[in-house]
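Peer 1: here's my sequence, what's the structure:
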Amino acid sequence: YIHTFDRKAANNPITATFYRDRDTDTVIFPHSVVNTLEVNFADDVAKLTAGIMSRYPIQEDVETPTYTALDLFTWRNARVQVNNAGTTSDLKVREFTLNINNNAEMVYAPNSNDVDNIPFKQFSAAGSMVVDFENTTQLAMFSDLTKVRLDVELLSGTHRINFIMPQVRIDEDSIT
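Peer 2: Numbering: from 1, shown residues only. Down below sits the predicted model:
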């Protein structure tokens, strides 16, 4: 399966329904949104941590969804590429962290204890990476504080996670 998460220009988040299948019942979390997301890989299994908000869970007797086998992503499955004005280069990244925050807010309807909607407020993204630069061209892409495109791909079997950041600037203090 390929899942694409795009940051929309509008304030309406993309929602999903989460199922928790317990021994005694199935609990459904409708209209769930991803509030925060952290992706990290270094020398081990890639880690993805998501902070999710949803409406109040409900219990229903519905068909239980099916799940495919889990593919693990390791740092060897990661590819990081930088593009500056058409000059593309693969980077040797030893450690990578990306934090995304949608700043979601739970809005309650009057006279209700359930969430009416969950709009996104100010979007922010930040991260860090440790790179072994192979040449001065790669170093120059970051050291002159030019905004560059950064593509991060995790690929394992038939599963893929892509993060495309069209304009990234590295703080000059962190380049050594």
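Peer 1: got the end-to-end distance for stretch 36-55?
Peer 2: 17 Å (C-alpha to C-alpha, to the nearest Å).
Peer 1: repeat that for stretch 72-88.
Peer 2: End to end - C-alpha to C-alpha - stretch 72-88 spans 28 Å.
Peer 1: list of residues touching that stretch?
Peer 2: Contact with stretch 72-88 is made by 41-46, 89-91, 93, 96, 129, 131, 137-138, 141-142, 146, 148-156, 159, 161, as judged by C-beta atoms under 8 Å, 6 or more residues apart in numbering. C-beta coordinates here come from the backbone N, C-alpha and C atoms, glycine included.
Peer 1: PyMOL command to pick out the buried ones of these?
Peer 2: Of the contacts of stretch 72-88, the buried ones go into a single PyMOL selection, burial set by 16 or more other C-beta atoms under 10 Å:
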select buried, resi 41+42+46+89+91+93+96+129+131+138+141+142+148+149+150+151+152+154+156+159+161
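Peer 1: so which of the contacts of stretch 72-88 are in helices?
Peer 2: Within the contacts of stretch 72-88, residues falling in helices by DSSP state H are 137, 138, 141, 142.
Peer 1: for the third one, which non-adjacent residue is spatially closest?
Peer 2: Spelled out, that is residue 141. Of all residues not flanking residue 141 in the chain, residue 84 sits nearest, at 4.6 Å (C-beta to C-beta, 6 or more residues apart in numbering).
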